[in-house]
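Chemist: sequence and predicted structure are below.
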Amino acid sequence: MLPLAEAGNAEAQNIVGSLMMDCRHRFDTIEQWSLAPSLDAQVVQSDRDHAAQLLRAASEQGFGPASFNLASLLVMGHGNGTREERLAEAAGLYAKAYDQGFTAFGWLMSRDGPGQAFLDVMERYGAGSYCPCPWSPPATET
């Protein structure tokens, strides 16, 4: 699948990029995915950098699921800029995904501004969840 993704196939870019977001491509079975937190931080960063490149390329080709996944990567804290800048870009990407035909979350991705309603849901989930969610802002970030 990676050769297809690197050759520019948008669907393959989305599949490989979404697997790389969480380092899932490094494990043979679903049961092993829980081992991902034990990976070296540099490995995770490298995987997410590559994931962002693939997802951005697929998004630019008009592939809605890739726009959605790229937005999710930004919400998880990956990318440049402040948290607010990443969230603003993510909201735009959620709306772009909707416009590109990825309507799995319906009105949440288009109402109240571009993608803002879906982003609000994700933020509330992160705030109310018992699990540490990666999109929750670090205490030291301003």
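Modeler: Alright, I've got the coordinates. Source: prediction; values computed, not measured.
Chemist: could you pull out the buried residues of the helix or strand hosting residue 91?
Modeler: Under the criterion of DSSP states H and E, residue 91 resides in helix 83-99. Taking 16 or more other Cβ atoms under 10 Å as the basis for neighbour counts, the residues of helix 83-99 that come out buried are 83, 86-99. To be clear about C-beta, it is placed using only N, CA and C from the backbone, and glycine gets the same treatment.
Chemist: which helix runs longest in the chain?
Modeler: Within the chain, and with DSSP state H defining each element, the longest helix by residue count is helix 41-60.
Chemist: which other helices and strands does it contact?
Modeler: Using 3 or more Cβ pairs under 8 Å, 6 or more residues apart in numbering; DSSP states H and E as the contact test, the elements touching helix 41-60 are helix 10-21, helix 64-75, helix 83-99.
Chemist: dump the longest one to PDB, restricted to CA.
Modeler: Listed next in PDB are the C-alpha coordinates belonging to helix 83-99 (Å, rounded to 0.1, in the frame of the first residue of the first chain):
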ATOM      1  CA  ARG A  83      -3.300  25.200  19.800                       C
ATOM      2  CA  GLU A  84      -5.800  27.800  18.600                       C
ATOM      3  CA  GLU A  85      -4.200  28.000  15.200                       C
ATOM      4  CA  ARG A  86      -4.200  24.200  14.900                       C
ATOM      5  CA  LEU A  87      -7.900  24.000  16.000                       C
ATOM      6  CA  ALA A  88      -8.800  26.800  13.500                       C
ATOM      7  CA  GLU A  89      -7.200  24.800  10.700                       C
ATOM      8  CA  ALA A  90      -8.800  21.600  11.900                       C
ATOM      9  CA  ALA A  91     -12.300  23.300  11.800                       C
ATOM     10  CA  GLY A  92     -11.700  24.400   8.200                       C
ATOM     11  CA  LEU A  93     -10.500  20.900   7.300                       C
ATOM     12  CA  TYR A  94     -13.600  19.300   8.900                       C
ATOM     13  CA  ALA A  95     -15.800  21.600   6.700                       C
ATOM     14  CA  LYS A  96     -13.600  20.800   3.700                       C
ATOM     15  CA  ALA A  97     -14.100  17.100   4.300                       C
ATOM     16  CA  TYR A  98     -17.900  17.700   4.400                       C
ATOM     17  CA  ASP A  99     -17.700  19.700   1.100                       C
END
